[in-house]
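Peer 1: Task: produce atomic coordinates for the following.
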Amino acid sequence: MNNRDRLIVSKMLGYCREIEETHLFFHEDKELFMDRQRGFVYRNSITMPIMQIGELAKHLSEGFRSESDSIPWKSVMGIRDVFAHHYGSVDFELVWNTAHKSIKELENSLKEQTD
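Peer 2: Numbers count the residues shown, from 1 in each chain. Alright, predicted model coming up:
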């Protein structure tokens, strides 16, 4: 892994931790998250780091992405585009599942790459 990739991965891991801390702050209250009126702060606090992760993934070298082929890079980068361009119609359940399952899996895979 080159230095640029290492820096990008470090930033991505920081956003993964930010998502985890946000869930802890809101006590993983899925009802609040899904509430169209009251849940916007929670959702925005989760979707922005996911968008940043997707944007950062686009700047990783092709070599790094091909070496870490267990990570679904196309999906990681694609979710950023969904959130950025279709935010008003994003499925909250998709965001919740991404933040709870996919981000943790990504974090674990990225940690393996840096070991």
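Peer 1: now stretch 57-77, how far from the centre of its chain.
Peer 2: Stretch 57-77 has its C-alpha centroid displaced from the chain centroid by 13 Å (CA atoms, centre = their mean, to the nearest Å).
Peer 1: Could you do stretch 78-87 as well?
Peer 2: Distance of stretch 78-87 from its chain centroid, counting by CA atoms, centre = their mean, is 12 Å.
Peer 1: Just list the residues touching the most centrally placed residue in the chain, thanks.
Peer 2: Note on the chain: the residue nearest the mean C-alpha position is Ile50, at 3.1 Å, using CA atoms, centre = their mean. When contacts are counted by CB atoms under 8 Å, 6 or more residues apart in numbering, Ile50 touches 15, 19, 79-80, 83, 95, 98-99, 103. All C-beta spots, glycine's among them, are computed from the backbone N, C-alpha and C.
Peer 1: okay, it: pLDDT?
Peer 2: Confidence at Ile50, expressed as pLDDT, is 95.
Peer 1: before we move on, what about Val82?
Peer 2: According to the prediction, Val82 has pLDDT 81.
Peer 1: What distance do you get for it to Glu31?
Peer 2: 24 Å (CB to CB, to the nearest Å).
Peer 1: Surely Lys30 is in contact with Trp96?
Peer 2: Yes: counting by CB atoms under 8 Å, Lys30 does reach Trp96; the two are 6.4 Å apart.
Peer 1: Out of the contacts of Ile50, flag the one nearest to Leu56.
Peer 2: Tyr15 (7.7 Å; CB to CB).
Peer 1: If we ignore the residues flanking it in sequence, what's nearest that closest one?
Peer 2: Pro49 (4.0 Å; CB to CB, 6 or more residues apart in numbering).
Peer 1: Off-centre distance for the helix or strand in which that neighbour is found?
Peer 2: Using DSSP states H and E, Pro49 maps to helix 40-57. A distance of 6 Å separates the centroid of the chain from that of helix 40-57, by CA atoms, centre = their mean.
Peer 1: Which other helices and strands does the helix or strand bottoming out on mean pLDDT in the chain contact?
Peer 2: In the chain, the helix or strand scored least confidently by mean pLDDT, DSSP states H and E is helix 73-86, which has a mean of 84. Counting contacts by 3 or more CB pairs under 8 Å, 6 or more residues apart in numbering; DSSP states H and E, helix 73-86 packs against helix 40-57.
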